[in-house]
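>>> What follows is a protein structure lacking sequence information:
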């Protein structure tokens, strides 16, 4: 059984639409479902945004649903490397943390070579390219290019999110193999706009969104680009997870949906 964790519903939506015979978890405090994909049993759990929410949800999930053989963390990340573009995939070989004061945490979690090789083979067999490197988990949003470039200089990570280290740590505490495959939402010098408009589950809060847009009217011009980037990223996540589920042998319907494969240079 494979545990798949994500932060908010939009991240997993394109992949979820490809699944059949989904059944709700029906466990208090857990939002998610079970499904069989490529002959594998997946338990898919949404944990919300932020390190604390991810930690609490992962603990509850592992305690409530035993038997996981692999844990996958997925969703969107911000680029810290200038070569990464929206929709590019990052396969993490290690995970590190950055605290609220911008200091590098002591714990660095390495991803097992066997997991990296297995996922890498599945992606390569499906014609999907990716970058391998460290993912940094920050306890706050790194919204500006200056913040992201400082994080890159401090840690050497190539991408940043707010949850991967929490999931990796809980999996490591239980001896369960872990891997993270995430897609880039914003480039290193892009300003991440509108984070204040969403709640901890990634849902837009109408009152907060209205207030934010009144204070920051220029954001309206930036939102379409962010929405396009999110669509690219979530489509890439769906392709990657489908490839992993099928060990690189994509179903014909998925190949038609993806169209011609645009190969990119490995970074």
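That came through, no problem. As the structure is a prediction and not an experimental result, all values here were calculated from the model.

>>> For the stretch 101-250 of the chain, which segments are assigned as helices?
Ranges of helices in the stretch 101-250 of the chain, per DSSP state H, counting those that start in this stretch, are 113-125, 145-155, 164-173, 206-215, 219-245.

>>> out of the ones you listed, which comes closest to residue 16?
Closest to residue 16 of the helices of the stretch 101-250 of the chain is helix 219-245 (C-beta to C-beta; 8.4 Å). Where you see a C-beta, it was placed from the backbone N, CA and C, and this is true even at glycine.

>>> quick one: buried residues of that closest one?
Judged by neighbour count using 16 or more other C-beta atoms under 10 Å, the buried positions of helix 219-245 are 219, 226, 229-230, 232-245.

>>> mind checking which of the helices of the stretch 101-250 of the chain is nearest residue 104?
Closest among those, using C-beta to C-beta: helix 145-155, at 5.6 Å.

>>> tell me the mean pLDDT over that closest one?
The average pLDDT within helix 145-155 is 91.

>>> what's the closest residue to residue 75 other than its chain neighbours in contact with, if anything?
Using C-beta to C-beta, 6 or more residues apart in numbering and skipping the chain neighbours, the partner closest in space to residue 75 is residue 11 (4.3 Å). Shown in contact with residue 11 (C-beta atoms under 8 Å, 6 or more residues apart in numbering): 74-76, 202, 233-234, 237.

>>> Just to be sure, residue 45 is in a helix?
No - assignment of residue 45 by DSSP: H, G, I helix; E, B strand; the rest coil gives strand, placing it outside any helix.

>>> check contacts around the nearest residue to it once chain neighbours are set aside.
If you skip the residues right next to it in sequence, residue 45 has residue 32 as its closest partner in space, 4.0 Å away by C-beta to C-beta, 6+ apart. For residue 32, the contacting residues are 24-25, 43-46, 61, by C-beta under 8 Å, 6+ apart.

>>> What residues sit buried inside the helix or strand where residue 32 lies?
Assigned by DSSP states H and E, residue 32 falls within strand 31-37. Using 16+ other C-beta under 10 Å as the burial criterion, the residues of strand 31-37 that qualify are 32-35, 37.

>>> Direction-wise, compare that strand with helix 219-245 and give the angle.
40 degrees (axes from the mean of the first three to the mean of the last three C-alpha atoms, to 10 degrees).

>>> neighbouring strands for strand 31-37, and are they parallel or not?
Pairing partners of strand 31-37, with direction, according to DSSP bridges: strand 23-24 (antiparallel), strand 40-46 (antiparallel).

>>> Point out the most buried one among those strands.
strand 40-46 (a mean of 20; mean count of other C-beta atoms under 10 Å).

>>> Could you tell me the angle between it and helix 164-173?
130 degrees.

>>> what does the first helix or strand past strand 40-46 going along the chain rub up against?
Sequence order places helix 51-64 as the next helix or strand after strand 40-46, per DSSP H and E. With C-beta under 8 Å, 6+ apart as the test, helix 51-64 has contacts from 3, 5, 7, 27, 29-30, 32, 43, 45-48, 68, 97, 137, 139, 162-163, 165-167, 169-171, 174, 176, 200.

>>> Could you turn the buried ones of those into a ChimeraX selection?
In ChimeraX, this line selects whichever of the contacts of helix 51-64 come out buried by 16+ other C-beta under 10 Å:
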select :3,5,7,30,32,43,45,46,47,48,68,97,137,139,162,163,165,166,167,169,170,171
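
>>> about what we covered before: compare the mean pLDDT across the helices of the stretch 101-250 of the chain and name the weakest.
Lowest mean pLDDT within these: helix 206-215, at a mean of 58.

>>> so where is the protein shaky, pLDDT-wise?
Within the chain, the stretches with pLDDT under 70 are 100-103, 105-107, 192-223, 252-267.

>>> ok, 50 please
256, 259-267 (pLDDT under 50).

>>> ok so, going back, need the contacts of residue 11 in JSON lines with distance to residue 85, can you?
Formatted as JSON lines, these follow (distance: C-beta to C-beta, whole Å):
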{"residue": "74", "distance to residue 85": "18"}
{"residue": "75", "distance to residue 85": "17"}
{"residue": "76", "distance to residue 85": "13"}
{"residue": "202", "distance to residue 85": "22"}
{"residue": "233", "distance to residue 85": "10"}
{"residue": "234", "distance to residue 85": "15"}
{"residue": "237", "distance to residue 85": "15"}
